[in-house]
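Colleague: Sequence first, then the predicted structure, then my questions.
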Amino acid sequence: MNSNRHILSLLLENEAGALSRVAGLFSARAYNIESLTVAPTEDPTMSRMTIVTSGSEDVIEQITKQLNKLIEVVKVFDLNEGRHIERELMLVKVRAEGKDREEIKRTADIFRGRVIDVTDRIYTIELTGTRDKLDAFLEAIGHTQILETVRTGASGIGRGEWILRV
Amino acid sequence: MQLSGAEITLRCLAEEGVDYIFGYPGGAVLYIYDAIFNQDKVKHILVRHEQAAVHAADGYARACGRPGVALVTSGPGVTNAVTGIATAYLDSIPMVIISGQVPTRAIGLDAFQEVDTVGITRPCVKHNFLVKDVAELATTIKKAFYVATTGRPGPVLVDIPKDVSQQMAEYDYPTSVTMRSYNPVTKGHAGQIKKAVQMLLEAKRPMIYAGGGVVLGDAAPNLTKLVRHLGFPCTNTLMGLGAYPASDKQFVGMLGMHGTYEANLAMQGCDVLLAVGARFDDRVIGNPEHFFQAGRRIIHIDIDPSSISKRVKVDVPIVGNINDVVEEMLRLLAASEHKPDAAALADWWAQIDTWRGRDCLGYDRSNTEIIKPQSVIETLWKVTGGDAFVTSDVGQHQMWAAQYYRFDEPRRWINSGGLGTMGFGLPSAMGVQFAHPDATVACVTGEASIQMCIQELSTCKQYSLPIKIVNLNNRYLGMVRQWQELQHGNRQSESYMEALPDFVKLAESYGHVGFRIDRPQDVEAVMREAFALKNRTVFLDFQTDQTENVFPMVPGGKGLTEMLLGSEDL
């Protein structure tokens, strides 16, 4: 059984407890969870959740079915079933002193990152992209420079006319 | 009309046609109990422990098909109820549990008798609600009944803070409710049903495997028609007993861990399997890889898509209401020019009859020294004319009841199949008796299980419930001892029941009738005497053979053909 990374997109009622039902399902049934991100949609009664998980096709099928069974879940999509875009936001605080300052700025530019906060010793950089791109940036900066990172986990959306709504 | 939250709760229950609620009062539900006092539509049954309230509501639901209702207070009331809720959840029983909660302003402050009820019960309910606004109470209760009884049924909990039950609101009970996020599938896919029927007609060695979903979906009459029309062998799971009449010649017995030789071999050896409302759980298919080795095509009808291809991959999944799907199959079969392959079927039956010839449920029937537990169940069947509602606890007695009481109708066999809850038998029998006041209700139990909810003898007295308790007393945690014999070198670690009470005196102290039966020749006579006591709870304490084990047995994780048929196989 090959274990593939899947991005699941959910529409769910924007109600207290909905998130814990989803999170509880993953822990109760021992499913993998790489990241989970959730926020209300343009319709404030509904939330959109992106879950990155991994498992064999059988496991992913079970995860999808079990998510669909949750009463507050309106729709579940496996974005891997179509063409889709995935983005993650990262904020990273790096030590930027002396000659490193220029180098870090250049690297951030190459990755299309933006410096959003500056002190004489620190840059805070905002970077958006796929998980791989964010990983590559951290590698390029070098671990000794990194003071702190915060990542949102992936958000996903279908390409073109593939629209997920009720 | 302005009513208090408590009054609204009772009105809603009456609107839903609830005749009984099983409960236990406490601080957080005092307003609700006050509302109970001031009305006469819904009768409250006072149990002696919240676990029993939920089991009783559960037994009620299993016996009559209507949702059971339990009422418990906050904190320990809820935690005591959790075992009952989980029991109902694993067996998909429609139930609504109403729990009291500390006042909304006290939630989260570690208040007296506060627990996170919604959090604690979340993994063992179909859904739960915390009602924070009295204006939403009626709609929430409506939703609770709707969710509990539709799709794959299950328990739904409504947590009502004390202040919400006190506050006033305009009462208006919604006639229906729609939830955009909950639309259970009912109609099976026509193309899939057609494919399934064709597959059934092509079968050379067919098998029909029916589970609890048939009972829950009230599909037993149509399933029986289907099995008879096709002439195929049929097996039932532990939860499905009664879905197909056990006395019929096409019934090959229960299957699985303690299933019959013929049912398990036919299950393994069939070329087309029709699974109806069953879920290939680990007590049926202990080893999916072993099951897979013998190739067969599988059709699976279930209302819950997540039950399909969970442990065993199937070829033709049909998601839908079982009764409708089976009805559609019957219609297609009636219209079809094709008939099942009679010659192949005759060969298959000849094979099955050979397996039947092993008489795998045979035991030492002529023993006059010691009571064989199996004979107690067979006598129970005889004395009750096979027409009783039989509840059970969990262990050897449960398996013997399943094997030897031949259930011909659905909803007669009431046991905790999924969770395996000791203590279920007596309180669930109370619920059954309330659902069917004139029916014969027997609780088959053991001396260990019965002590887990023994306090309910008091409830039986208060409501004059004529339940007959059939205690198979072998002074052992029999099933634990059996596994220890089998898999732990017969080291009987903590499986002997010492310091047992005198059950006759115990029953008498609660105001009931008790009998102790030691000799095989007394079994039938005493049982007849007991069942003739129409208005009394009777405790029948049978001193049974301590060494008896349940056979056949497929040891845990083994294949269906790797059965042990008797102690000679150990």
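Modeller: Thanks, I have it. Just so we're clear, the structure is a prediction, and the values are computed from it rather than from any experiment.

Colleague: drop to CA atoms for contacts and neighbour counts, all remaining ones
Modeller: OK.

Colleague: Show the average pLDDT along stretch B:422-441.
Modeller: Over the span of stretch B:422-441, the pLDDT mean works out to 98.

Colleague: buried residues in it?
Modeller: Counting neighbours by 16 or more other C-alpha atoms under 10 Å in any protein chain shown, one finds that the buried residues in stretch B:422-441 are B:422-435, B:440-441.

Colleague: Return the closest of those residues with respect to chain A.
Modeller: Distance ranking of those against chain A, using C-alpha to the nearest C-alpha, places residue B:422 first at 23.2 Å.

Colleague: wait, what's in contact with the closest one?
Modeller: Contacts of residue B:422 were listed using C-alpha atoms under 8 Å, 6 or more residues apart in numbering or on different chains, and they are B:393, B:394, B:395, B:449, B:450, B:452.

Colleague: swap the cut-off to 7 Å and go again
Modeller: With contacts defined as C-alpha atoms under 7 Å, 6 or more residues apart in numbering or on different chains, the neighbours of residue B:422 are B:393, B:394, B:449, B:452.

Colleague: Nearest spatial neighbour of the residue nearest in space to the middle of chain B, chain-adjacent residues omitted?
Modeller: Nearest to the geometric centre of chain B sits residue B:415, at 4.0 Å (C-alpha atoms, centre = their mean). The shortest distance from residue B:415 to any residue other than its chain neighbours is 5.2 Å, reached at residue B:392 (C-alpha to C-alpha, 6 or more residues apart in numbering or on different chains).

Colleague: May I have the beta-bridge partners of that neighbour?
Modeller: residue B:444 (DSSP bridges).

Colleague: and residue B:139, what element?
Modeller: Under the assignment given by DSSP states H and E, the secondary-structure element containing residue B:139 is helix B:137-149.

Colleague: Would you tell me what the next helix or strand after that helix is?
Modeller: Moving toward the C-terminus from helix B:137-149, the first helix or strand encountered (DSSP H and E) is strand B:155-161.

Colleague: Which residues does that next one contact?
Modeller: With contact meaning C-alpha under 7 Å, 6+ apart, strand B:155-161 is reached by B:85, B:88-89, B:93-104, B:125-131, B:144, B:148.

Colleague: Quick one: mean pLDDT over the helix or strand following it.
Modeller: Note on strand B:155-161: by DSSP H and E, the next helix or strand toward the C-terminus is helix B:162-166. When pLDDT is averaged over helix B:162-166, the result is 98.

Colleague: now swap in stretch B:452-461 and tell me
Modeller: Stretch B:452-461 comes out with an average pLDDT of 98.

Colleague: show me what contacts the residue nearest to residue B:415?
Modeller: B:398, B:414, B:415, B:424, B:425, B:443, B:444, B:445.

Colleague: if you set the cut-off to 8 Å instead, what comes out?
Modeller: Residues counted as contacts of residue B:392 (C-alpha under 8 Å, 6+ apart) are B:398, B:401, B:414, B:415, B:416, B:424, B:425, B:426, B:443, B:444, B:445.

Colleague: What strand or helix carries the residue of chain B found nearest chain A?
Modeller: Checking chain B residue by residue against chain A with C-alpha to the nearest C-alpha singles out residue B:181 as nearest, at 4.1 Å. With elements delineated by DSSP H and E, residue B:181 resides in a region that no helix or strand encompasses.
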